[in-house]
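**Student:** Quick one, structure for this:
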Amino acid sequence: MKALGQHEIKSVVITGCNRGIGLAMLKHFVENSDPDTQIFSCSRRSSPELEELGKKDNVHLITMDITNKESVESAVAEVTKLLNGKGLNLLINNAARASQDVFAKVVDTTTEELNDIYNINVTSNHLVTVSFYPLLKLSGTSNTDLPMCAARGLICNFSSITASVELAPPFGQFNILVYSYALTKCAINMMTKMCAHEFKPDGVLCVAVHPGWVKSDMGALGGDMGTGDITTDEAAGHMIDIMTGATEEHTGLYLAKDLKRLPF
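**Tutor:** Prediction:
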């Protein structure tokens, strides 16, 4: 897998790879990367499809619970050992969950639900990012001959169209709220903006991406609204195109298919 069409991405960590977009992205990397590219799947649970991909010599299945600091630190230690002194090129923060009741009104959303989904979608993404950052920084500062891109250092945070304050509601399609989920993805966008500013001197980019309404377990929560517009493979392909095409000018931005800039 090449960034900007010419620079090989030699290492990637993807969270939440046992199903959905995470699994589809893992497949894309396995099928389109050099055999010596180190691909790390960091997931809390496994699946038959994931186990099959893990049979490849360069695919490493690591059990990691993003909500548990010791689990994340253990995963970082394992990745560090396997990279053998090299830095990490690409971190994809894909793991997340939707609201228990995705269409719950503001007045029906409990503080317990807000705290739980915030911990998973925001606090845990922060934990994963800062824990893997030393490896990303090592890559960014060791590869100064490369332009800023995913072959040098990139953090990709999965956001959502629901995070856009300007578009909300109805996000251009349905008059829906998705209140608690939208709040967490707004936080992810701000996290991306601030990380981009702080990490740029180390040669590391940071972008937030909207994968579209995907036909996955999470997308199926649309209920009567539908189950999604695109397949997980299509969404994964679009997101990887963003990652491999991102340059210095894209850092800190909120992006959709074809590197389209979305309004915050």
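**Student:** give me every residue that touches residue 27.
**Tutor:** 53, 233, 236 (Cβ atoms under 8 Å, 6 or more residues apart in numbering). Just so you know, the C-beta spots here come from the backbone N, C-alpha and C atoms, and that holds for glycine as well.
**Student:** Output these as CSV; include the columns pLDDT, neighbour count and distance to residue 68.
**Tutor:** As requested, those are exported to CSV (pLDDT from 0 to 100; neighbours: other Cβ atoms under 10 Å; distance: Cβ to Cβ, whole Å):
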residue, pLDDT, neighbour count, distance to residue 68
53, 96, 19, 24
233, 93, 16, 30
236, 95, 24, 26
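**Student:** Pick out whichever of those residues sits closest to residue 256.
**Tutor:** Within those, the smallest distance to residue 256 is 14.1 Å, found for residue 236 (Cβ to Cβ).
**Student:** I'd say the closest one and residue 30 touch.
**Tutor:** No - the criterion here is Cβ atoms under 8 Å, and residue 236 misses it with residue 30 at 11.5 Å.
**Student:** Assign residue 25 to helix, strand or coil.
**Tutor:** helix (DSSP: H, G, I helix; E, B strand; the rest coil).
**Student:** name the element the residue nearest to it when sequence neighbours are not counted belongs to?
**Tutor:** Closest residue in space to residue 25, ignoring its immediate chain neighbours: residue 236 at 4.4 Å, by Cβ to Cβ, 6 or more residues apart in numbering. With secondary structure defined by DSSP states H and E, residue 236 is part of helix 232-245.
**Student:** For that helix, which helices and strands make contact with it?
**Tutor:** Secondary-structure packing of helix 232-245 (3 or more Cβ pairs under 8 Å, 6 or more residues apart in numbering; DSSP states H and E): strand 2-3, helix 20-32, strand 154-158, strand 205-209.
**Student:** Turn those into TSV, including distance to residue 197.
**Tutor:** Converted to TSV, those look like this (distance: least, Cβ to Cβ, whole Å):
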stretch	distance to residue 197
strand 2-3	21
helix 20-32	26
strand 154-158	13
strand 205-209	9
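**Student:** Of these, which is nearest residue 248?
**Tutor:** The nearest among these, by Cβ to Cβ, is strand 205-209 at 7.0 Å.
**Student:** ok and the helix holding residue 236 relative to strand 205-209, angle-wise?
**Tutor:** In terms of direction (axes from the mean of the first three to the mean of the last three Cα atoms, to 10 degrees), helix 232-245 departs from strand 205-209 by 150 degrees.
**Student:** what does helix 232-245 contact?
**Tutor:** Taking Cβ under 8 Å, 6+ apart as the rule, helix 232-245 contacts 1-5, 9, 20-21, 23-25, 27-29, 90, 92, 150, 154, 156, 158, 207, 209, 211-212, 214-216, 230, 255-259.
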